[in-house]
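Participant: Provide a 3D model corresponding to the input given below.
(one chain, ligands or ions: 1)
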Amino acid sequence: MRESSAQTAVNEAVWHYLAVHEANLTALAFQQRDITQLMTRVWEELKKEHEELMRVEAKLGAAATSADRASLDAQRKDLEQLRTAAAELRDRASGAAEAAQHAQTAGPAVPEAPSAPEQPPPDAPSLKRRGEWPAEWLQRFSREELQRSADEAQKWRDGARKTFMHAWNGYKQKAWGLDEMKPVSGTAGRTWANVGLQILDALSTMWVMELHEPFNESARWVEESLKFDYGGMVSFFEITIRALGGLLSAHSLSGREVFLRRAVELADKMLPAFNPNDPGFPSTQVNLVTGKGAPGWFQGTVLAEAGTVQLEFRYLSQVTGDPKYQKAADRAMRSILEAAKGRGLVPWGINRNGPPHFINAHITFGAMGDSYYEYLLKMYLQTSQTEPEWKDAWKRAMQEMMQRLIGKTNGGLTYIAEEKNGRKMNKMDHLACFVGGMLIYAAKRLPQSEVDQAWIPTAEGITETCYQMYHRFPLHLAPECVMLLPEAGPGHDMNVWQNAGHYLLRPEAAEAIFYMFYYTGDPKYRRMAGEIYEAIEQHTRTPYGYSAVRDVRVQQPQLRNEMETFFLAETMKYLYLTFHPNPREVLDLDEFVLTTEAHPLRIWRPKKGLQGFLGR
Ligand code: DMJ
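Facilitator: Numbering: from 1, shown residues only. Predicted structure coming up:
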């Protein structure tokens with residue numbers, strides 16, 4: 001392990017910390033946060049080294065010799081070791097700070113919030129179905145079948161709210177106001193922008209789950225304590241989808257002015273990071289204090305980053321009446337389409353400056369590409385189908401996806417491959433599971449004359465494969481990426497891709513299952529969701545929340561002590577909605593469009609005959 005000056009600084013900070021006996025309890029809590037931030041900087045240093053490696057690799061590209069590859073692999077291993085060392089240092093620093101707190105005080109350092117009961121709070125609404133079953137469900141299932149399925153799901157639905165409350169109480173007790181909490185140790189997780197990211201990202205789930213008390217408490221925190229004064233670089237994409245999206249959705253659902261006011265404040269700090277010149281993409285990172293942008297680990301712009309800010313910025317323009325947010329976001333999307341030159345599928349690497357063009361040849365519906373395709377469709381739906389350019393681009397992408405990337409194994413698994421430098425790779429990320437939901441959503445929401453008859457069967461097939469990603473592994477949890485074996489027969493046609501056996505509590509399979517259930521009412525989707533939910537409860541629950549798992553191929557899970565905020569924002573929301581007797585009563589997809597982080601935003605109804613918001 002490397003001894004760095006940062007580590008020395010951390011040690012000094014910890015010892016100094018121990019010496020200060022009179023420090024009051026609140027100051028201790030803040031000091032712990034500072035130490036964690038210091039270690040985050042160590043982490044960032046290491047990340048820079050990694051970025052350097054990625055740059056080298058990008059240059060080598062397809063032409064790299066095997067000797068180059070071997071040396072890159074060696075470097076990569078070194079970096080992995082460094083990263084593990086940095087993670088250990090961070091854990092040690094926050095553990096040491098916590099130990100210091102305990103050594104110094106008789107009781108806990110921060111007054112512990114009374115652990116709230118995990119029963120639904122007293123104002124929990126009746127979760128009984130309030131009206132008739134949806135007509136499209138009744139076309140396929142009898143009332144009795146639908147009722148039986150709802151009854152079967154009741155334990156999971158009640159459980160999902162308790163799951164949420166368990167994680168919420170852990171966060172409240174141990175990390176209130178921090179961006180992320182480590183669910184095993186109950187210590188601070190990563191700092192993203194010091195905006196209480198967990199609170200912002202969970203708001204819309206609380207609303208959907210009708211958890212009034214935590215929602216109101218969070219609204220008070222947003223009013224009184226939320227600050228945008230973090231001086232480090234923050235990810236433009238992540239802060240848009242998790243923080244801005246969370247605030248906007250809370251506004252859209254509850255109508256409370258405070259959420260919009262704070263969202264405008266945040267967006268105004270982010271807006272300068274949109275490149276004023278061509279191609280107009282937002283920079284990968286932004287400093288919220290200075291508004292300055294900076295590149296990230298990749299030399300160019302990542303497709304999913306430039307193409308996944310539109311729903312949020314457009315909603316802001318719609319509700320404030322100020323077109324500047326939508327103009328910036330639409331311009332970024334138009335630049336991608338300009339680079340595409342009529343192609344539907346596009347690589348995930350785009351340039352940062354000058355006329356838009358692609359700088360790599362890797363096409364994927366997984367990491368780096370995914371939500372660009374999702375937003376094309378949803379931008380069209382967000383403005384009540386008044387802007388056909390997004391839908392046309394999405395349809396082109398789907399047509400090419402069906403021809404080039406959708407495959408089926410001899411064992412019957414439908415999957416989405418990737419294409420790298422013209423070669424097809426039978427690899428599928430868990431992230432790509434969202435396509436199952438997207439296809440049935442489009443089949444139900446686009447004008448029927450434009451619907452490809454293959455979309456629904458493909459959606460069914462992908463959703464089944466994503467369920468199998470859970471079902472086939474001993475813990476019934478899914479790996480991050482799988483490899484499909486087209487020639488293999490039933491039960492043998494899926495393996496973990498390389499070392500990607502970890503499970504991060506991701507939502508995309510639950511998302512696909514939710515959309516399939518919403519539009520079909522088929523009880524089998526509830527049972528899929530129920531199995532996933534039970535596996536999460538059984539294998540990932542910790543004293544303070546739920547944890548990512550190191551490898552899903554083992555019988556005894558090892559926990560990573562990480563809980564991404566999307567677990568409460570998305571995974572639990574999609575599961576809960578699938579267990580609801582009739583999810584339309586909580587969330588009507590004719591009225592709301594979900595952002596990529598599952599934050600519902602009300603669909604904009606422009607005046608008849610006009611195009612989108614800017615056409616008003
Ligand atoms: C989420 O933050 C969003 O769904 C994003 O589009 C993809 N990755 C995570 C969840 O896996």
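Participant: what about the nearest residue to residue 382 once chain neighbours are set aside, which SS state?
Facilitator: Once flanking residues are discounted, residue 382 sits nearest to residue 593: 5.0 Å by C-beta to C-beta, 6 or more residues apart in numbering. From N, CA and C alone the C-beta is placed, and that goes for glycine too. With DSSP: H, G, I helix; E, B strand; the rest coil as the basis, the three-state label of residue 593 is strand.
Participant: which residues in the stretch 251-400 of the chain form strands?
Facilitator: 285-287, 293-294, 301-302, 349-350, 362-363 (DSSP state E, counting those that start in this stretch).
Participant: Residue 563: which of the ones you listed is closest?
Facilitator: Residue 563 sits nearest to strand 285-287 of all these, at 23.4 Å, using C-beta to C-beta.
Participant: For the stretch 201-350 of the chain, which residues are neighbours of the ligand?
Facilitator: Proximity of the stretch 201-350 of the chain to the ligand, by C-beta under 6 Å from any ligand atom, involves residues residue 241.
Participant: Skipping its backbone neighbours, what lies nearest the residue in the stretch 201-350 of the chain that the ligand sits nearest to in space?
Facilitator: Nearest to the ligand in the stretch 201-350 of the chain, going by C-beta to the nearest ligand atom, is residue 241, at a distance of 5.8 Å. Nearest residue to residue 241 in three dimensions, chain neighbours excluded: residue 597, at 4.3 Å (C-beta to C-beta, 6+ apart).
Participant: So which bits of the chain are right by the ligand?
Facilitator: Close to the ligand, as judged by C-beta under 6 Å from any ligand atom, the chain has residues 241, 370, 371, 431, 506, 507, 566, 570, 596, 597.
Participant: repeat that with 5 Å
Facilitator: 371, 506, 566, 596 (C-beta under 5 Å from any ligand atom).
Participant: Sticking with residue 556, tell me its helix or strand.
Facilitator: When elements are defined using DSSP states H and E, residue 556 is found to belong to no helix and no strand.
Participant: Show the pLDDT at it.
Facilitator: Per-residue confidence (pLDDT) for residue 556: 96.
Participant: Report the contact partners of it.
Facilitator: The contact partners of residue 556, taken as C-beta atoms under 8 Å, 6 or more residues apart in numbering, number zero.
Participant: which residues of the stretch 101-250 of the chain fall in helices?
Facilitator: With DSSP state H, counting those that start in this stretch, the ranges of helices along the stretch 101-250 of the chain come out as 135-138, 143-175, 197-208, 212-224, 236-238, 245-254.
Participant: JSON lines please, covering these and showing mean neighbour count and mean pLDDT.
Facilitator: Below are these laid out as JSON lines (neighbours: other C-beta atoms under 10 Å; pLDDT from 0 to 100):
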{"stretch": "helix 135-138", "mean neighbour count": "14", "mean pLDDT": "97"}
{"stretch": "helix 143-175", "mean neighbour count": "19", "mean pLDDT": "98"}
{"stretch": "helix 197-208", "mean neighbour count": "28", "mean pLDDT": "98"}
{"stretch": "helix 212-224", "mean neighbour count": "17", "mean pLDDT": "98"}
{"stretch": "helix 236-238", "mean neighbour count": "21", "mean pLDDT": "98"}
{"stretch": "helix 245-254", "mean neighbour count": "27", "mean pLDDT": "98"}
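Participant: if I pick the residue of the stretch 301-450 of the chain found nearest the ligand, what's in contact with it?
Facilitator: When distances are taken as C-beta to the nearest ligand atom, the stretch 301-450 of the chain reaches nearest to the ligand at residue 371, 4.2 Å away. Neighbour list for residue 371: 304, 307, 308, 434, 596 [criterion: C-beta under 8 Å, 6+ apart].
Participant: Apart from its neighbours in sequence, what residue is nearest residue 364?
Facilitator: Nearest one to residue 364, counting by C-beta to C-beta, 6+ apart, is residue 418 at 4.4 Å.
Participant: And for residue 384?
Facilitator: Nearest to residue 384 is residue 605, by C-beta to C-beta, 6+ apart, at 5.3 Å.
Participant: can I assume the one you found sits in a strand?
Facilitator: No - using three-state DSSP, the secondary structure at residue 605 is coil, not a strand.
Participant: just checking, it touches residue 386?
Facilitator: No - shown here, residue 605 and residue 386 do not form a contact pair, counting by C-beta atoms under 8 Å, at 9.2 Å.
Participant: which intervals of the stretch 251-400 of the chain have sub-threshold pLDDT?
Facilitator: Applying pLDDT under 70 to the stretch 251-400 of the chain flags no residue at all.
Participant: So for stretch 333-347, what gets flagged as buried?
Facilitator: 333, 334, 335, 336, 337, 339, 340, 344, 345, 346, 347 (16 or more other C-beta atoms under 10 Å).
Participant: repeat for stretch 541-555
Facilitator: Applying 16+ other C-beta under 10 Å to stretch 541-555 flags 541, 542, 544, 545, 546, 547, 548, 549, 551, 552 as buried.
Participant: Closest to the ligand out of those?
Facilitator: residue 548 (11.2 Å).
Participant: Quick one: residues contacting the closest one.
Facilitator: With C-beta under 8 Å, 6+ apart, residue 548 has these contacts: 502, 503, 504, 505, 540, 559, 560, 561, 562, 563, 564.
Participant: Report the contact partners of the fourth one.
Facilitator: This points to residue 505. 536, 540, 546, 547, 548, 563, 564, 566, 567, 571.
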